[in-house]
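**Student:** Could you work out the structure for the sequence below:
(chains A and B)
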Amino acid sequence: MTENRDYRDTVFLPQTDFPMKAGLPEKEPHILARWQEADLYAQLREARSGREKFILHDGPPYANGDIHIGHALNKVLKDAVVRSQTLLGKDAPYVPGWDCHGLPIEWKVEEAYRKKKLNKDEVPAEEFRAECRAYAAQWVEVQKAQFQRLGISGKWDQPYLTMAPEAEAAIVAELLKFAETGQLYRGAKPVMWSPVEKTALAEAEVEYEDITSTQIDVTFEIVESPIAELVGAHAVIWTTTPWTIPVNQALAYGPEVDYILIEALDEFAEPTGQRYLVATELYDSFRSRIRGQGNPNQNYATVDFFVGETLAGTICRHPMHHLGGFYAEPRPLLPGDFVTTDSGTGLVHMAPDHGEDDFALCKAHGINPKFVVEADGRYREDWLWLPRTDARNMSVINPKFNAPDGPICSDLKEAGALLAASTDYQHSYPHSWRSKAKVIYRCTPQWFVPMDKPVAPFDYPVAPLGGIGGAVALAVSASKTATLRETAIKAIADTRFVPEKGRNRIGSMVEGRPDWVLSRQRAWGVPITLFVDRKTGEYLVDPEVNARIIAAVREKGVDAWSDEAAPALLGPDYNVDDYERVVDILDVWFDSGSTHAFVLESGVWPELQSPADLYLEGSDQHRGWFQSSLLESCATRGRAPYKAVLTHGFTMDAKGMKMSKSLGNTVSPLDVMRDYGADIIRLWALSVDYTEDHRIGPEILKGVADQYRKLRNTFRYLLGALDGYTEAEALPVDQMPELERYMLALLGELDGKMRAAVDAFDFNTYTRSLIDFCNEDLSAFFFDIRKDCLYCDHPADPKRRAYRTVLDTMFHALIRYAAPVLVFTSEEVWASRYPTSGSVHLLEWPVVPAVETDASRWNALRELRTQVTEAIEPLRREKTVRSSLEAEVTVSDIDGVLREYRDLGPDFLAEIFISGPVAFVKTTDGPGISRTEHHKCGRCWRHLPEVAEDGDLCARCDDVVTKLDAEA
RNA sequence: GGGCCGGUAGCUCAGGUGGUUAGAGCGUACGCCUGAUAAGCGUAAGGUCGCAGGUUCGAGUCCUGCUCGGCCCA
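**Tutor:** Numbering: from 1, shown residues only, chains lettered A, B, ... in the order given. Next up is the predicted model:
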């Protein structure tokens, strides 16, 4: 051989068209279009028909606005669950849904009205609701497209909407089940109320502004007390809402607060007999207010001190007790934990009609609201003091009404009960977002679901439902009654929680929650379809009437509940004039709490079933959907609507801070898809620990993109290395070299991890295990070692065939593992190898051959390999050795264990080390390295003794090239 | 303010029932290869395990307080 031939042509390099660069933002939409064209979701249903089902029931997002990162995380997790269960061979249909009723949509529509100078109240309710419906429908379409772009697989052409008439009818049917089992009652509750708009307001509709109010100090004469010296003294209360004094029903003290009894002194420092009770800590500020009333020298003598709790049993009378009736009733002093010494007098006047603390404390002591202030903010006509008919009556939020010279203060002064009044108190006060007018707390009648009323589950007639919501759980033992709270707590115990801590979270909430307030004074929602007997106040329970109501709603939607329709709904047996038609709508949580009924049970989606295998939402839903669904189902079916509940944390910014538009630290999934692609968001969502709050940011996304590239290149290598591979080349496992058998064993180990991760919904471990395997076991170990074999051995060589057989097995396993995560890329990879064999997502969990290997031997061998590469490093640094193939290695083999590796094949260790020849020595030292004296084979670049000159062929290559030349 | 949850290398995460110098992958730096090449391989540096007390022979791991952050309430 006189000149060196270029052997590049005789080397089998990986060959593939699969590009290294992903270009996901451009590529993904095309892949998505192909799926939609082929209706992949329908194909999947067909393929899994008859299999064991796995039902993930979708919690409906609110149909308003573009999706945010929280939506993306939630839907990707759901998709990963559905896809991984599908991969296991189960039939896992996914019907996405939307929550469509409710305030935020009402607002948006109202806002549009205002821009057009229209008044909502002048628009017919039906028309207004139609606009809300259209608004929601439009956002459903937008979000649908965005979710699909994320690669979420589901029945997008038939989602469920809470505003669909069938859904509205089913929700009504569920409500009527509560009515029929006596699980509804009308009570009262203070709500934020705008007298200007004559409507209740939600917290979010209220804005706080600084205002200056009248502040007054009012005395209540103590008429009874276990403490004798208090009788005849006056308890002093302080308030900034004088208008609530006419509705006062009690006083509150702080059990832990210290009080002082003082006596006013006259100008000669003589006692006047006027004694007042205030909190010790607030005595100074109280006195300065009195002095500010033109009594700059007013002094007091201390009479005694009391701890709050000793005031129990003390009773006052109202300053206007002379009016008789309501005002002559006793005003007890009640213990209130909410009483502080921040301001006022440490004694708080209680008007259960107009404060939450007031309401709760009074209710606990059997004192009920009086509903004195009407919707327009004026006292009602029959009220004793300042009734509507009084010329001085006006809206209670009118500053003049509350002024020191206004009717209330004037009358109090006349009664000798006004110690001080001034118009200089600055504080923050709630105003209507819309009208900017002040709002008040006002008690209004509301509908409740009792948590602690014993009911006999299922022992009641059920309205004929005609298919919608008709599937009611079979009656179980009706002999034992249980409260809703008890049933719910039992259901929680019967449910699997992932992570486990969710059980405690929802459990403590259900244990402590108050009765469920169902009613809202709103327009866009499902009506509380009850007729209330005007005489008895009882709501009508008649299965036939209920059936008519349900049928009407199914036909016309929520508009079916109207005054015009009332006679027909009631039917001939009732006189419409005897009944009040309830006009409140349902809390939207009742809507979504009923989805299990109208989605899982209705038969509209026959592929679904109830209870669901899994509900999966953010941790805020412990108070939301998880709970409303639980309560709704427990009240009507006696069990939870789910077998398992999975909760995820919230996505924070890169620093762990909450995202907000005002901070400008939001990350939009739409932007990430545009810049990186949906597969990157998916890989991110499935890499983080979703059980806790987790982060996203530029650095994190860059890291995720790196991980993605590694996976992509692994597949690219597999595609290239498997170029031209067919079944005919496959070799049985028992004919494979030890390395191949070891790799198959590792794959089996990985397979076990992946299955366990799917069962635990632990996608973090799932993706990590996959990536680590690609990095450590494949790229840095197996692929690297077998590079020589792949490139240089003859295609028919059993070793090369074994290698490619294992690569093929690896490919088929890894592409399936990757499919639920990298939905687009896995399809791209699959299509690159199998352009005509359908979607990768139709495949099932890989069958991995069970192979036994000596794990401890391989662990020791890999440890030795690490030592060898470490030992080569210094020689590389000094440039003695460049490629590891130039390194000759001696390894210690005192006990002769390594010698058995020789049985594993010629040059076995050199192969594993990717080094030059390996020799055994009897020392206790680590591996020894020296530069080889052998020449470099011109084809495989290994340094071997038979190579006479650099560029000549080694024996193996000579053999291969000869064969190839002959075959050519 | 209350209930619940969390804070381990630059990033993402492991660290049964407390026990040798706290681990992995990625990234970074440096080097090798130039026949996976905007790829592949190797080596190295990086952590007072949020802070402070306490229990213990010994604590990332148990207790208390604090701090920061989160969800839900008020």
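**Student:** Give me the below-cutoff pLDDT ranges for the stretch 251-400 of chain A.
**Tutor:** Under the criterion pLDDT under 70, the flagged ranges of the stretch 251-400 of chain A are A:341.
**Student:** Point me to the residue of it nearest RNA strand B.
**Tutor:** Scanning the stretch 251-400 of chain A for the residue nearest RNA strand B gives A:E356, at 5.6 Å (criterion: CB to the nearest atom of the strand). Backbone N, C-alpha and C define where each C-beta goes, glycine included.
**Student:** Tally up the residues packed near the closest residue to that residue other than its chain neighbours, please.
**Tutor:** Spatially, and ignoring its direct neighbours in sequence, A:E356 is nearest to A:P190 (5.5 Å; CB to CB, 6 or more residues apart in numbering). Using other CB atoms under 10 Å, the number of residues around A:P190 comes to 22.
**Student:** What separation is there between A:P190 and A:D17?
**Tutor:** 70 Å (CB to CB, to the nearest Å).
**Student:** For the residue in the stretch 51-200 of chain A that RNA strand B sits nearest to, which non-adjacent residue is spatially closest?
**Tutor:** Closest residue of the stretch 51-200 of chain A to RNA strand B, CB to the nearest atom of the strand: A:G70 (9.4 Å). In space, A:G70 comes closest to A:T651 once its chain neighbours are excluded; the distance is 5.8 Å by CB to CB, 6+ apart.
**Student:** so who does the one you found touch?
**Tutor:** A:69-70, A:73, A:659, A:667, A:693-696 (CB atoms under 8 Å, 6 or more residues apart in numbering).
**Student:** likewise A:F715?
**Tutor:** Under the criterion of CB under 8 Å, 6+ apart, the contact list for A:F715 reads A:18, A:811, A:814-815, A:818, A:825, A:829.
**Student:** So for whichever strand or helix holds A:L770, what gets flagged as buried?
**Tutor:** According to DSSP states H and E, A:L770 maps onto helix A:763-772. Across helix A:763-772, burial judged by 16 or more other CB atoms under 10 Å covers A:763-764, A:766-771.
**Student:** circling back: in the contacts of A:F715, which residue is surrounded by the most others?
**Tutor:** Result: A:T825 is most packed of the contacts of A:F715 (other CB under 10 Å), 28 neighbours.
**Student:** That one and RNA strand B, how far apart?
**Tutor:** For A:T825, the distance to RNA strand B equals 15 Å [CB to the nearest atom of the strand, to the nearest Å].
**Student:** go on, A:N859?
**Tutor:** 14 Å.
**Student:** related to what we said a few turns ago, return the set of residues that bridge with the residue nearest to A:G70.
**Tutor:** On the basis of DSSP bridges, A:T651 is bridged to A:H694.
**Student:** What score does it have for pLDDT?
**Tutor:** According to the prediction, A:T651 has pLDDT 96.
**Student:** In this structure A:S892 contacts A:G926, no?
**Tutor:** Yes - if you go by CB atoms under 8 Å, A:S892 and A:G926 touch, sitting 7.2 Å apart.
**Student:** Between the two, tell me which one has more neighbours.
**Tutor:** Ranked by neighbour count (other CB under 10 Å), A:S892 and A:G926 place A:S892 first, with 17 against 14.
**Student:** Contact partners for that one?
**Tutor:** By CB under 8 Å, 6+ apart, the neighbours of A:S892 are A:920-927.
**Student:** so what's the backbone phi/psi at it?
**Tutor:** Phi and psi for A:S892, reported as degrees, to the nearest 10, are phi -70, psi 130.
**Student:** Next one: it relative to A:E886, how far apart?
**Tutor:** From A:S892 over to A:E886 the distance is 21 Å, taken as CB to CB.
**Student:** RNA strand B contacts on the stretch 851-968 of chain A?
**Tutor:** Residues of the stretch 851-968 of chain A found near RNA strand B (CB under 7 Å from any atom of the strand) are A:866, A:869-870, A:872-873, A:876-877, A:879, A:882-884, A:938-941.
**Student:** need the longest strand for chain A.
**Tutor:** For chain A, the strand with the greatest residue count under DSSP state E is strand A:206-224.
**Student:** can you tell me the average pLDDT over that strand?
**Tutor:** 82.
**Student:** Can you name the residues of the stretch 551-700 of chain A sitting close to RNA strand B?
**Tutor:** Residues of the stretch 551-700 of chain A lying near RNA strand B (CB under 7 Å from any atom of the strand): A:619-620, A:622-623, A:649-650, A:652, A:656-658, A:687-689, A:692-695, A:699-700.
**Student:** A:R83: helix or strand, and which one exactly?
**Tutor:** Per DSSP H and E: helix A:69-87 holds A:R83.
**Student:** chain center to that helix, what's the gap?
**Tutor:** 13 Å (CA atoms, centre = their mean, to the nearest Å).
**Student:** Past it, which element shows up next along the chain?
**Tutor:** That would be, after helix A:69-87 and using DSSP H and E, strand A:97-98.
**Student:** which other residues reach that following strand?
**Tutor:** A:58-63, A:136, A:139-140, A:143, A:159-162, A:595, A:599.
**Student:** now, which of these sits nearest A:R48?
**Tutor:** Comparing the contacts of strand A:97-98 against A:R48 with CB to CB picks out A:D58 as the nearest, at 18.1 Å.
**Student:** who touches the closest residue to A:L722 other than its chain neighbours in this structure?
**Tutor:** Closest residue to A:L722 apart from its sequence neighbours, by CB to CB, 6+ apart: A:L807 at 5.5 Å. A:L807 makes contact with A:718, A:721-722, A:725 under the criterion CB under 8 Å, 6+ apart.
**Student:** Likewise for A:K963?
**Tutor:** A:H794 are the contacts of A:K963 under CB under 8 Å, 6+ apart.
**Student:** picking that back up, nearest to A:K556 among the contacts of A:F715?
**Tutor:** A:T825 (48.0 Å).
**Student:** Does A:V672 touch A:I700 like I think?
**Tutor:** No - counting by CB under 8 Å, A:V672 does not reach A:I700; the two are 10.7 Å apart.
**Student:** If you count surrounding residues, which of these two has more?
**Tutor:** A:V672 (21 against 17).
**Student:** Of the buried residues of helix A:763-772, which ones also sit close to RNA strand B?
**Tutor:** Among the buried residues of helix A:763-772, RNA strand B is touched by A:764, A:768, A:771 when using CB under 7 Å from any atom of the strand.
**Student:** so what's the first one closest to, chain neighbours aside?
**Tutor:** Taking CB to CB, 6+ apart, and ignoring the residues beside it in sequence, A:N764 has A:D689 as its nearest neighbour in space, at 5.4 Å.
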